[in-house]
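A.B. asks: Let me see the structure of the following:
(2 chains)
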Amino acid sequence: MKKLLIGNEAIALGLYHGGLGLVSSYPGTPSTEITEFLSKFDDIHSEWAPNEKVATEVAFGASLAGFRSACAMKHVGLNVAADPLFTLSYTGVTGGMVVCVADDPAMHSSQNEQDSRHYAIAAKVPMLEPSDSVEAYAFARSAFDLSERFDTPVLFRSCTRMAHSQALVELGEREEKAPKEYVKQPQKYIMAPANAIRRHPFVEQRMKDIAEYAEDCPYNRVETADSDIGIITCGTAYLYVKEVFGDSVNILKIGMPNPLPEKMIRAFAAKVKKLFVIEELDPVIETQVRAMGIDVTGKELFPMVGEFSQNTIRRAFGMEELPCPEAPQVPGRPPMMCAGCPHRGMFYALAKNKITVLGDIGCYTLGSAPPLTALDSTLCMGASVSGIHGFLAARPEMAGKTVAVIGDSTFMHSGMTGLVNIAYNATNSTVIILDNSITGMTGHQQNPTTGYNIKGDPAAKVDLEALCHALGIRRVRVVDPYDLKMCEEAVKEELAAEEPSVIISRRPCVLLKYVKHNPPLKVDSEKCRSCRRCMGLGCPAISMKGKARIDSTLCVGCGVCGQLCAFDAIG
Amino acid sequence: METTSMMIVGVGGQGSLLASRLLGTLLTDLGYDVKVSEVHGMSQRGGSVVTYVRFGDKVYSPIVTRGECDCMISFEKLEAARYASCLKPGGRVIVNTQEIDPMPVITGNAEYPGDVLESLKAQGVKVEAFDALTPAEEAGSARAVNIVLMGRFAAGFTATKEQWTAAMEKVIKPKLLGVNKIAFEKGWNLNI
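C.D. replies: Predicted coordinates for the structure are as follows:
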């Protein structure tokens, strides 16, 4: 049966039909739906782990126990999981293991544009990369066999466009895979120097063996045409090449970007007069082709930045631009915090008091946008908490006007360790945990603070107050971010305190189904003096048309604007 | 047949994902090769969102770029203008005249432009503009704007109402099906 599937569902079904027994992941756009789809199957173990390193190590444990396992993460998540990955390359696997990583060219929802193919080369593991859902299903399904055949974890790369595009996929059935027996193999699995020294030559030989396999494998193929032009391409770039050229040029389609099939590339290059490499982001294939001594054109023509399209290809080959209407100039529409977002009240209190705010990764990064412009930095998961310690160690005089803000899920991911450091190495830091009881930006995934697991079943719930105390912070208090006065008081008092403190700003995400909304508020236009004070919140429900106006379809009655109004015009 | 390119554009939260899935399901049922490209993550938080739907005998690229779009369905007025350069000359736009202020307008740093649709018409774009919010509210939910617009598109497309209904039953939750069927009907019967 053919089914229209987004790339992530195709990957999930491919893994499941390939005999997957366990998946552990941390959510991250554009990888999140892989694990969400897998969680619907009750005959496998699925879970959200606190971070990608844990997820990868959980998958390792299952592989060690003889089960086919997987983990999924976004590109920056692989940075977190790099530690286990590099040594997993040495241990290899028992049950097949697949590490899914989703890159985000054009940074639709990310803080950088890194190219995960470098990890495959650096960690010395094979990588598969499909172009669309059809290949995603086929490649994922066969990835476990590849993993077990060559005793290696397999990196499975996708990108936003692949992950979130639908194509028609012919689906097969699940292959029931009996787990392999557990046998103690200390020389393979205890990576102390004596054993690791023996495993490294194995890794080098393995990559040679896989490179040999790559010459004649289902992932790489040549499409021959009566043309002098040859194009080596990979991932979604292949689709844009086909869109523009159809069957009119020779194409070497690489589905396994590491290791590359050298003989295949040499033979392909020898057949054509002009050779191009067309790949998104970094010149990973191009650099290797050049190192073979082959003359090739690549990043001179094709950008290293952003996402490609058929237009990128047309432009690079000097083709005429398609005629089109001229778009009128219109104001931008950046994403913003929702009406009733519990982060808004705390950000307003911080912005009003001109506090320096080290931020983190999540919906609350939107606090950086006007009119609040409340943030000073956003680096990576957990960097607010670790960062404020360094900032205040360098500038202790700023302790009274600097805070870190981090979400509940991000705090679980890698904020805790930073907080330990604050207590242990003693800076007078103030950390605000924006606890909206869900992993928000990625679309509402459960986490260890929510009390529910991936299937929505009740689970152990981390007690954040007790945890912060246990990590060495004595001053811990909870505030309601819908109460501006309470937020402001807490911030002022904790900043004035002579020791580190944590403020937990607690209210569930307004988009959660169980959250009850109040009736929308109204502006009494007789009382409104158009002072624009309420506009300082940046609430999408409030606009100023002469007088303030509240959009009743958006307003959830959180009441924060009413607390600001000096004329009692909102109620 | 040549590949047909469509775009569904709007504001995050307006239901463009559902509309694109409805269209994708219908086109699959009709036997086309189909590619749909969705937007997830950050831009869904009230930002500008664009979804591409392409169908034909064999479709490669899942995205639509400059001068390629045959028909755009826009859930909001401004958004039709934002993506206008993706249209083919003489392309078609079905647009909800509802105005949703973006943050630069809310904060007073920009004005909501007045004459965007006129400027498109003057360039030969076939603009079908109407208020989709009122019929959606009449159907029972302001959130059904997306399906009213799909109904309008459906009225001029080569699929029967039964085929559309079958596709709706596949992608819309049973609880919400009633409201959406009424909204679809209202869009289908629009007189503009």
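A.B. asks: does the worst-scoring helix or strand of chain B on mean pLDDT come close to chain A?
C.D. replies: In chain B, the helix or strand scored least confidently by mean pLDDT, DSSP states H and E is helix B:103-106, which has a mean of 89. Yes - interface with chain A: helix B:103-106 contributes B:103-106 (CB under 8 Å from any CB of the partner chain). (Each C-beta comes from the backbone N, C-alpha and C, glycine too.)
A.B. asks: can you put these in TSV and add neighbour count?
C.D. replies: Converted to TSV, the residues of helix B:103-106 next to chain A look like this (neighbours: other CB atoms under 10 Å in any protein chain shown):
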residue	neighbour count
B:103	24
B:104	18
B:105	21
B:106	24
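A.B. asks: all helices in chain B, in order from the N-terminus.
C.D. replies: Counting by DSSP state H, chain B has helices at residues B:16-29, B:77-82, B:103-106, B:116-122, B:133-139, B:145-155, B:161-171, B:174-188.
A.B. asks: spatially speaking, which residue is in the middle of chain B?
C.D. replies: By CA atoms, centre = their mean, the mean C-alpha position of chain B lies nearest to residue B:73, the distance being 3.0 Å.
A.B. asks: Tell me the buried residues in stretch A:477-496?
C.D. replies: A:479, A:481-484, A:486-488, A:490-491, A:494-495 (16 or more other CB atoms under 10 Å in any protein chain shown).
A.B. asks: which strands and helices sit next to the helix or strand of chain A with the lowest mean pLDDT?
C.D. replies: Ranking every helix and strand in chain A by mean pLDDT, DSSP H and E puts strand A:542-545 at the bottom, with a mean of 89. Here strand A:542-545 touches strand A:547-550, helix B:103-106, going by 3 or more CB pairs under 8 Å, 6 or more residues apart in numbering or on different chains; DSSP states H and E.
A.B. asks: Grab the nearest non-local neighbour of residue A:565.
C.D. replies: Leaving aside its sequence neighbours, residue A:565 sits nearest to residue A:534 (CB to CB, 6 or more residues apart in numbering or on different chains; 6.0 Å).
A.B. asks: And residue A:321, by the same measure?
C.D. replies: Closest to residue A:321 by CB to CB, 6+ apart is residue B:66, at 6.5 Å.
A.B. asks: Surely residue B:57 touches residue B:33?
C.D. replies: Yes - the pair residue B:57 and residue B:33 qualifies as a contact (CB atoms under 8 Å) at a distance of 6.2 Å.
A.B. asks: Give me the more crowded residue out of the two.
C.D. replies: The neighbour comparison of residue B:57 against residue B:33 (other CB atoms under 10 Å in any protein chain shown) goes to residue B:33, with 18 against 10.
A.B. asks: what residues does stretch A:169-177 touch?
C.D. replies: A:1-5, A:10, A:13, A:16-19, A:21, A:68, A:133-134, A:136-137, A:141, A:144 (CB atoms under 8 Å, 6 or more residues apart in numbering or on different chains).
A.B. asks: Now the buried members of those.
C.D. replies: Counted by 16+ other CB under 10 Å, those give A:3-5, A:10, A:13, A:16-19, A:21, A:68, A:133-134, A:136-137, A:141, A:144 as buried.
A.B. asks: Check which helices and strands the biggest helix by length in chain A sits against.
C.D. replies: Determined from DSSP H, the single longest helix within chain A is helix A:193-214. Helix A:193-214 sits against helix A:75-91, helix A:133-150, helix A:186-189, with contacts defined as 3+ CB pairs under 8 Å, 6+ apart.
A.B. asks: and after that helix, which helix or strand comes next?
C.D. replies: In the C-terminal direction, the helix or strand that comes right after helix A:193-214 (DSSP states H and E) is strand A:221-223.
A.B. asks: what is the mean pLDDT for that following strand?
C.D. replies: If you average the pLDDT over strand A:221-223, you get 98.
A.B. asks: go on, stretch A:114-126?
C.D. replies: pLDDT averaged over stretch A:114-126 gives 98.
A.B. asks: Can you pull out the residues in contact with that stretch?
C.D. replies: A:75-76, A:78-79, A:82, A:85-86, A:88-89, A:101, A:103, A:127, A:129, A:146, A:150, A:152-155, A:157, A:203-204, A:206-207, A:210, A:256-259, A:281-282, A:284.
A.B. asks: Just the buried residues of those.
C.D. replies: A:75-76, A:78-79, A:82, A:85, A:88-89, A:101, A:103, A:127, A:129, A:146, A:150, A:152-155, A:157, A:203, A:206-207, A:210, A:256-259, A:281-282, A:284.
A.B. asks: sorry, back to before: list the contacts of the residue nearest to residue A:321.
C.D. replies: Per CB under 8 Å, 6+ apart, neighbours of residue B:66: A:311, A:321-322, A:324, B:85-86.
A.B. asks: re earlier: is it possible to export the helices of chain B to a markdown table including distance to residue A:547?
C.D. replies: Listed next are those as a markdown table, based on distance: least, CB to CB, whole Å:
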| stretch | distance to residue A:547 |
| --- | --- |
| helix B:16-29 | 32 |
| helix B:77-82 | 23 |
| helix B:103-106 | 14 |
| helix B:116-122 | 26 |
| helix B:133-139 | 22 |
| helix B:145-155 | 27 |
| helix B:161-171 | 41 |
| helix B:174-188 | 32 |
